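Q: pasted the sequence and its predicted model underneath.
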Amino acid sequence: MNLKYLLLLSCFYSIVLFADELLKLPKYPIPFPDTDTIEPTVKETLDFARQVMRDRLQNPKLSKQQFAQAYGELASIYHVHHLYIPAQASYLNAISLDDDNMRWHYYLGYLYQQTSRPQLAKQQYQQALILKPDYLPLKLRLAELYLQLNQAALAQQLLNPQTMTDTDINSLSSYHLYLFAKLALKNKNPNAINYLGKALAKSPNATRLHYHLAMAYRFNHNIKQAQWHLKQRGEGLPTLADPILAELEKLLTGSRTHFYRAIEAIRVKHYDIAKTSFAEGLKIQPENINARISYARTLYLTGEKTQAQQQLEFILQQQPKNDFAHFLLAALLEEQNQISEAIHHYHLALQANPKHAGAHYYLAHILMRQGKYQQAADHYAQSLHKQADNPPAYIYYLIALHQSNADYQTIQSVLRQAQEHYPDNQTFQYLMARIYATHAKASLTDKKKALILAKQLYQTSPLLENAETLAMAYAQLGQYEQAIKLQQQALEATFNAQRYDLIARLEANLKRYQRRQATRQTWDVTDIWRQAPFSEISSIFQDYPSFTAY
Amino acid sequence: MSSRLYVICFNIYIVLTTMTISYADSPIFVDQSDASGLNFYYFNGMSGEFYLIENLGGGAALFDYDNDGDLDIYLVQGKMLGNKPINNALFPAKTLPLQDKLFRNDSNNRQLKFTDVTDTANIQALAYGMGVAVADINNDGWLDIYVNNFGGNQLWQNQGNGKFVNITALSKTAGDSMDTSVSASFIDIDKDGWLDLYVGNYVDFSIANNKTCYAPSSARDYCSPVLYNPRADQLWHNQQDLSFKDIAKTANIAQNPGNTLGVITADFNHDNWIDIYVASDGLENQLWLNQHNQRFEDNALLAGVAVNADGMPEASMGVDAGDIDNDGDEDLFMTHFLGETNTLYINDGQGWFEDQTIQSGLATPSKPYTAFGTAYFDYDNDGLLDVFIANGGVNIIPILQKQGDPYPLHQPNQLFHNLGQGKFVEVTEKAGEVFKLSEVSRGAAFGDIDNDGDTDILVVNNNGKARLLINQIGQNQHWLGLNLISQYNRVDSHAKVKLETANKTYYRRVRADGSYASANDTRILIGLGQATKIKQLTVYWSSGQQQQWHGLKINQYHTLYEKSSK
């Protein structure tokens, strides 16, 4: 027996001596969180909860269970606001006073899981399950935790899929089936595909299951199926309906906490959760325009487009010059084919912010579709001035210039800008090579550069159009035999490639070369303009620009 | 009163128990930064504005710039962020001026000594440094330095006389001044014998577009990168005249921007062409498989390395590839954000991977930490690759904030021992006093700094001191060191070796990249355990040639040369 054991023994003796007092005072001291930096609504909630606790502690008539209840409630308030340290201490106090209340074990286990302490979480879940063995959400949560802890045998024991009939299995929730599938995947059991298929059928929005399916098919060497499922995959997972935890979530106050949750949900593309969180946050902070715009976007992304429009209109009542709200509303209206209204709002967005690259770009798209090429060209130019990293904008800009009969000097100058940003873009190389090789104006042509560019293009992509361009370059240099040979080869290839649209053009060129004349047809705009510009409205709402809530 | 007493008793118990443990075990690593004269603090220039990138730097390189046979050190430095003057920095700079530093290894007789030679080497790197990569870009036998910055990057050419020249403009590798770039890797993508350059870019953060974010508790905190737009990475093709051509678009790389933080290059699918694996913070990781024509295709999803086993992208920071199960292929390891696990992907030999983090024992211990620099390395030379992890948060840690900590992001680093059969066990507790420190660690570079036959670690701490973790135990077992010189007069940065002893076969490769923001010793060091004889060594040069050596002496470094294929 040495000094350290004597010291420890005396300490534990003292604890026993003061044991009764522990029933009244917190066994686990509850630190007061630093509330200076948190928002007033949350602070008020916490202050109130602590005051209630203090009042209860001074009430001599309260039983141990009632004290425990008070600590548990205080813990829940801290917990839901992510103040884990005081929450943990409060739960431990509640449990030390009343070990038989499943809820505090469950919540504490959940807290441990949230704070990356799975072993402690497991202990609390196990204790909670003893107290409430029929509570399925807890059982599923514990089984999933076992899987995370590499204790598949315990998960298997808890879920027991092998004892179920097909009818039983068909009646299970999507989440339950998902866990069966995870267990099967762990055990390399081919049933995984079956479980995942059933889970997906019950929750079609749980598109992340496609990833698991892809991996299961890959394991079976069915690569085609694996690739198909990878294309279908998204972020959604089956949700676990858990009434006891839902009660905890209801205690949440404070807008920032809701907005934080919303942004986290957006990170994993759970737009429905984000929508709810934005809505909750806006109840507390209705004047937060950024959050309301984000809310409108989540409404759109979850299919509630009318409500999204209402929110945007509401924002514009508050802030009539909010360029972003005008822009989103314009996009929404464009999608609904209310084109004149859409144009109106794009213009309003641009009045509020003349440098709004997106408004210029999408407005230009509409004008292109309306055949207003000159105006479209102006807007593409302004969009590119603000945001040069946009290859389709250059292409449409060039088409708009061409269609509005702009001179080739202007077109060539835009093309040079495009090439500066995208020197390897083959479309730009193609267009430039054609100008160099065919234009009547000597100042715009460059025979040598035409040949270099055309050769490079043809070697990289031996397309018929590139063969035609190379022939043009040869002809421009007076090398008609090579031009004729190449053009004849291209003509023969049109039949195999079923490019009948090119035959007349190539034949005309060939005749010119045979007459020892270079061609002067600079561009056929259909080479680069196969369809009208299309506005991807959903990608605007999803990605352009990134979400913000503050 | 009684509760206080309880706490005191518990503390006494813990102290006594810890004392018993620490007396019983000798440390694996000892910090010798002070003793060796390596005096460097990374300054992040924070002033209370919560700029996204201020807690992401910096990195270090371990490389032999003067070809004298030992590893020198390059460390990148931050600077003040935003418009505030430097006296507004929440953590004052320890040394001025703020610039990257080059330390020469002047050790002798096993006494480590580093000398600051930044000025004599003519290096004046004054940008906001994030990371560094090293390679011989002109095949002259001297290692050059590429510095990743917030803002334009820099390329410093080694003149071979102890001096460097800034050839950023000539090389055209500065990149976009809007980019924040952390990691880069040199890789000969087309087997022309000249090293090309892959540069990972993060998000479109700028001082002007800094966003305001809050912690779950609603207090001000750093934002998630998801609130910014990803920036495309760059691939520069070496033009063999000190200049590079940006081929990211034609190579397909630029088509799929990610929030790149870590980069590792290796032949993942056994086709003898070097591929690129990119760790992306919060987005899917990318596995760019070399198509042998200066083009790449991202196969990460089907290969099973884009997301974790749950199908979720993770906040990937650091990365390494190595053969942890000695089966001849490259297994991946990635470090992640708090609440996520670090992830171990086991290669099936065909370039298909399986997430075996949970089975390996690496999952649970990693969850409470945000991890950055990492590597597979055999710290005890038992022939199995172990794992080091540099930790430090990117969001405020409530318990530290509560304690009034001025920089509440710090966490201790971790060391894991490979038990074989794909299992790891954490040995941080006996790794040494330096592992009891809690700091905001970022870059980590690995190499045999004291040339004693085991792997040491250089750790860079954000707003903290660079630490030199010298291995105390590896040299107790047998080892073999290899310096592989290609037919192009430089280290073959992607050569592989197969080493056979009487009882065991080992597969290793040269690796300068990986980890986080850092460059590693390019020598291969193979722990042999108790084996005393080498049966055969086969070198698989990246040109495609193979050569064999027999009877190499153990416990020493060998320089092996590729025979010319001309």
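A: All right, it came through fine.
Q: strands along the stretch 151-300 of chain B, start to end?
A: Here the stretch 151-300 of chain B has its strands, by DSSP state E, counting those that start in this stretch, at B:154-158, B:164-166, B:181-187, B:196-201, B:213-214, B:220-221, B:234-238, B:244-246, B:260-266, B:275-280, B:286-290, B:296-298.
Q: quick one: the strands in the stretch 51-200 of chain A?
A: Counting by DSSP E, counting those that start in this stretch, the stretch 51-200 of chain A contains no strands.
Q: show me which residues of it sit near chain B.
A: Contacts of the stretch 51-200 of chain A with chain B, taken as Cβ under 8 Å from any Cβ of the partner chain, map to A:81-85, A:114-119, A:147-150. For the C-beta atoms, the positions are set from N, CA and C on the backbone; glycine is no exception.
Q: which one of these is nearest B:Phe337?
A: A:Ser116 (10.5 Å; Cβ to Cβ).
Q: gap between the closest one and B:Gln401?
A: Distance of A:Ser116 to B:Gln401, given as Cβ to Cβ, to the nearest Å: 17 Å.
Q: ok, A:Ala199 next?
A: On the measure of Cβ to Cβ, A:Ala199 and B:Gln401 end up 41 Å apart.
Q: tell me where the model's unsure across the chain.
A: By default, I'm working from chain A. A:1-25, A:37, A:530, A:544-550 (pLDDT under 70).
Q: actually, chain B is the one I wanted.
A: B:1-25, B:217, B:565-566.
Q: what about 80?
A: B:1-25, B:109-110, B:215-219, B:398, B:402, B:564-566 (pLDDT under 80).
Q: enumerate the residues of the stretch 201-350 of chain A near chain B.
A: Contact residues (Cβ under 8 Å from any Cβ) of the stretch 201-350 of chain A with chain B: A:208, A:211-212, A:214-215, A:218, A:223, A:226-227, A:230, A:233, A:235, A:254, A:256-257, A:259-261, A:263-264, A:266-268.
Q: rerun at 7 Å
A: Within reach of chain B by Cβ under 7 Å from any Cβ of the partner chain, the stretch 201-350 of chain A has these residues: A:208, A:211-212, A:215, A:218, A:226-227, A:230, A:233, A:254, A:256-257, A:260, A:263, A:267-268.
Q: which of those residues count as buried?
A: A:208, A:211-212, A:215, A:218, A:226, A:230, A:233, A:254, A:256-257, A:260, A:263, A:267-268 (16 or more other Cβ atoms under 10 Å in any protein chain shown).
Q: and for the strand or helix carrying A:Glu280, what's in contact with it?
A: Using DSSP states H and E, A:Glu280 sits in helix A:271-284. Helix A:271-284 has contacts (Cβ atoms under 7 Å, 6 or more residues apart in numbering or on different chains) with A:41, A:254-255, A:258-259, A:261-262, A:265-266, A:288, A:291-292, A:294-295, A:298-299, A:301-302.
Q: just the ones of those in helices?
A: A:41, A:255, A:258-259, A:261-262, A:265-266, A:291-292, A:294-295, A:298-299, A:301 (DSSP state H).
Q: just flag the most distant two among those residues.
A: Top of the distance list for the ones in helices among the contacts of helix A:271-284 (Cβ to Cβ): A:Thr41 and A:Leu301, 27.3 Å.
Q: who has more neighbours, these two?
A: A:Leu301 (19 against 16; other Cβ atoms under 10 Å in any protein chain shown).
Q: tell me who's in contact with A:Lys441.
A: Counted by Cβ under 7 Å, 6+ apart, A:Lys441 has contacts A:Tyr408.
Q: for it, phi and psi?
A: A:Lys441 has phi and psi values of phi -80, psi 120 when expressed as degrees, to the nearest 10.
Q: with A:Gln336 instead?
A: Dihedral angles (degrees, to the nearest 10) for A:Gln336: phi -90, psi 10.
Q: no further queries at this time; thank you.
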